[in-house]
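S.K.: With the sequence up front, the predicted model follows.
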Amino acid sequence: MQSIRGRFLIVSAASVLLAMVLAAVVFVSLFTRNLERRIDEELTGHINLFAGTLRFAADGTLELPDQPADRRFTEPYGGLYWQVEDDRNKHQLRSQSLWDYALPLPADAHEPGAVHHYTLPGPDGTDLIVQERQIIVAAPEGPRPVRVALAIDARTLTEARRAFVLDIIPFMVALAAFLIAASLAQLTFGLRPVSSVSEGLNRIRERKAERLDGRYPRELQGVVDAVNRLLDAQSEIIKKARTRSADLAHGLKTQLTVVANDAATLKERGQTEIGEELAHLASVMQAHVDRELARSRIAATAELRASDADVATAVDRIVRTLKRTPKGGDLAWHVDVATDVTVEVDPHDLEELLGNILDNAVKWSRTMIAITLDRAGTKPRLVIEDDGPGADPGDLKRMTERGIRLDSQMPGTGIGLSIVKDIASVYDLGIEIANREAGGLRVSISF
């Protein structure tokens, strides 16, 4: 089992149940010992009572002692019995409860006053707990030893123990449930800081926070500090990598500008072949630099985005920029995008994505561009349409490949839609490019 809560609950339940079983065994044992002690004390009390009432008649025979007040002595097989024996005269007296049964007392030696304990068969197939003592009683011819035995039905002990067990079972079950619930509550409270760490990491992943903030227990503070140091180091590495990439790209662009100017100078001087070759090489290298510069600004993963993007805001910025271009200013723009839709894409990356798609639409469109946001499904879908010439069905899948240009007469580097593909891959976006029935292209972006 992978759950700490589940493991703890299983161990807690097993421990509590084992503890309850052991506690029940101990309680029953203590109850039995105390009950046996009470029974022993009761039998001793009856023996002492008999010792004070035993006497011999003038002819030397035992007289019937005073009957105890307990009615069990008078009821046949009532559960409490007494028996007195005079071994010298082979005379025996019994309680009415024994009826026609005599206790089979063993013929062992006794010291006066010594108490012997037995478990003997009793009347009606029962077992008896027996206590026997030898008492010296005054007789006409002098002191004479007499054996006095008191017995009680062993079922008294068994039934009392069974009743005690039945009485404590509900309480033990309730106590076990309480202890398990208390353990679960303790675990829930104890693991709350762990849950707060998980929630903090989710906030960082969602770009709602940059570090784990707040107070944590000492046991977790080391982990929190380590995670924060890792986040700081990762942020610094990404920042340096982007800065170096941008510096490199800008440095190369400056040199390429010089190369392009030199190519133009060579062509002006009549060295057309060399000038055109240098211009072509500069153009190719410029395309690569532009691509890498654009890629350096794209988040490495969706979790590293700065924040979520507002679709309407991104569309409005790109459209306003393109309207100021010579071609974009002559087009009719139809924008139908709600203002309350946010997507889990970095705002800069969304603008880079839309800018490349719309820039391509502006190049090929004849009269209009339509931008609509479809919210009919579970996920928002942005649709961009133009009324340009469209593309051959076989070329549609190739449009997002790096460096592919379907018409070399149009200005561009052929990397715009490949950057769209890169961004879509980072954020797991669905990009579909298809021809419109009325002519032109339709680009659908499923977030």
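M.R.: Here it is on my side, so go on.
S.K.: who's Asp86 bridged to?
M.R.: For Asp86, the beta-bridge partners under DSSP bridges are His91.
S.K.: surely it meets Ile135?
M.R.: No. In this structure, Asp86 is not within contact of Ile135 by C-beta atoms under 8 Å, at 10.8 Å. Every residue, glycine included, has its C-beta placed from N, CA and C.
S.K.: any residues in contact with both of the two?
M.R.: Taking C-beta atoms under 8 Å, 6 or more residues apart in numbering as the contact rule, Asp86 and Ile135 both touch Val146.
S.K.: In contact with Thr183, which residues?
M.R.: If you look again at residue 183, you'll see it is Ser, not Thr. 8-9, 12, 16.
S.K.: Apologies, that question was intended for Ala160.
M.R.: Going by C-beta under 8 Å, 6+ apart, Ala160 touches 31, 35.
S.K.: Mind doing that once more with 6 Å?
M.R.: By C-beta atoms under 6 Å, 6 or more residues apart in numbering, the contact list for Ala160 reads Leu35.
S.K.: Can you classify it by secondary structure?
M.R.: With DSSP: H, G, I helix; E, B strand; the rest coil as the basis, Ala160 sits in helix.
S.K.: Mind jotting down where the strands sit in the stretch 51-200 of the chain?
M.R.: Secondary structure of the stretch 51-200 of the chain, counting by DSSP state E, counting those that start in this stretch: strands at 80-86, 91-94, 115-121, 127-139, 142-153.
S.K.: Could you dump those into TSV with distance to His288 added?
M.R.: Shown next, in TSV, are the strands of the stretch 51-200 of the chain (distance: least, C-beta to C-beta, whole Å):
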stretch	distance to His288
strand 80-86	111
strand 91-94	121
strand 115-121	104
strand 127-139	103
strand 142-153	106
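S.K.: which one of those lies closest to Asp359?
M.R.: Of all these, strand 127-139 sits nearest to Asp359, with 104.0 Å by C-beta to C-beta.
S.K.: how about that closest one: buried residues?
M.R.: With burial defined by 16 or more other C-beta atoms under 10 Å, the residues of strand 127-139 counted as buried are 128-135, 137, 139.
S.K.: export it as PDB, just CAs?
M.R.: These are the backbone C-alpha positions of strand 127-139, laid out as PDB (Å, rounded to 0.1, in the frame of the first residue of the first chain):
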ATOM      1  CA  ASP A 127     -18.500 -29.600  39.600                       C
ATOM      2  CA  LEU A 128     -18.000 -28.100  43.000                       C
ATOM      3  CA  ILE A 129     -15.400 -25.700  44.500                       C
ATOM      4  CA  VAL A 130     -14.800 -27.200  47.900                       C
ATOM      5  CA  GLN A 131     -13.000 -25.800  51.000                       C
ATOM      6  CA  GLU A 132     -12.300 -28.100  53.900                       C
ATOM      7  CA  ARG A 133     -10.900 -27.600  57.400                       C
ATOM      8  CA  GLN A 134     -10.300 -29.800  60.400                       C
ATOM      9  CA  ILE A 135     -11.800 -28.400  63.600                       C
ATOM     10  CA  ILE A 136     -11.200 -29.600  67.100                       C
ATOM     11  CA  VAL A 137     -14.500 -29.800  69.000                       C
ATOM     12  CA  ALA A 138     -15.100 -30.500  72.700                       C
ATOM     13  CA  ALA A 139     -16.700 -34.000  73.200                       C
END
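S.K.: Tell me the strands beside that strand, with direction?
M.R.: Assessed with DSSP bridges, strand 127-139 is paired to strand 115-121 (antiparallel), strand 142-153 (antiparallel).
S.K.: and the angle for the longest one with strand 80-86?
M.R.: Right, the one you point to is strand 142-153. For strand 142-153 against strand 80-86, the angle by axes from the mean of the first three to the mean of the last three C-alpha atoms, to 10 degrees is 160 degrees.
S.K.: Ok, the shortest one next?
M.R.: When the same axes, to 10 degrees is applied, the directions of strand 115-121 and strand 80-86 differ by 120 degrees.
S.K.: if we look at strand 115-121, which residues are touching it?
M.R.: 104, 128, 130-133.
S.K.: could these be laid out in TSV, adding distance to Leu54 and pLDDT?
M.R.: Listed next are those as TSV, based on distance: C-beta to C-beta, whole Å; pLDDT from 0 to 100:
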residue	distance to Leu54	pLDDT
Pro104	21	88
Leu128	21	90
Val130	18	90
Gln131	16	89
Glu132	14	89
Arg133	11	87
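S.K.: Determine the three-state secondary structure at Gly388.
M.R.: At Gly388 the chain is in coil, as set by three-state DSSP.
S.K.: From Asp386, how far off is the closest residue to it other than its chain neighbours?
M.R.: Excluding the flanking residues, the one nearest Gly388 by C-beta to C-beta, 6 or more residues apart in numbering is Trp364, at 3.3 Å. Separation of Trp364 from Asp386 (C-beta to C-beta, to the nearest Å) stands at 6 Å.
S.K.: do Ile419 as well
M.R.: Distance of Ile419 to Asp386, computed by C-beta to C-beta: 19 Å.
S.K.: Phe27 now?
M.R.: Phe27 sits 86 Å away from Asp386, going by C-beta to C-beta.
S.K.: more neighbours, these two?
M.R.: Ranked by neighbour count (other C-beta atoms under 10 Å), Phe27 and Asp386 place Asp386 first, with 26 against 15.
S.K.: OK, contacts around that one?
M.R.: Applying C-beta under 6 Å, 6+ apart, the residues contacting Asp386 are 361, 365, 369, 440-441.
S.K.: how does it look with 8 Å?
M.R.: With contacts defined as C-beta under 8 Å, 6+ apart, Asp386 is in contact with 361-362, 364-365, 368-370, 440-441.
S.K.: Narrow these to those in strands?
M.R.: 368-370, 441 (DSSP state E).
S.K.: Can you say which of those residues are buried?
M.R.: The neighbour-count test (16+ other C-beta under 10 Å) marks 369-370, 441 as buried among these.
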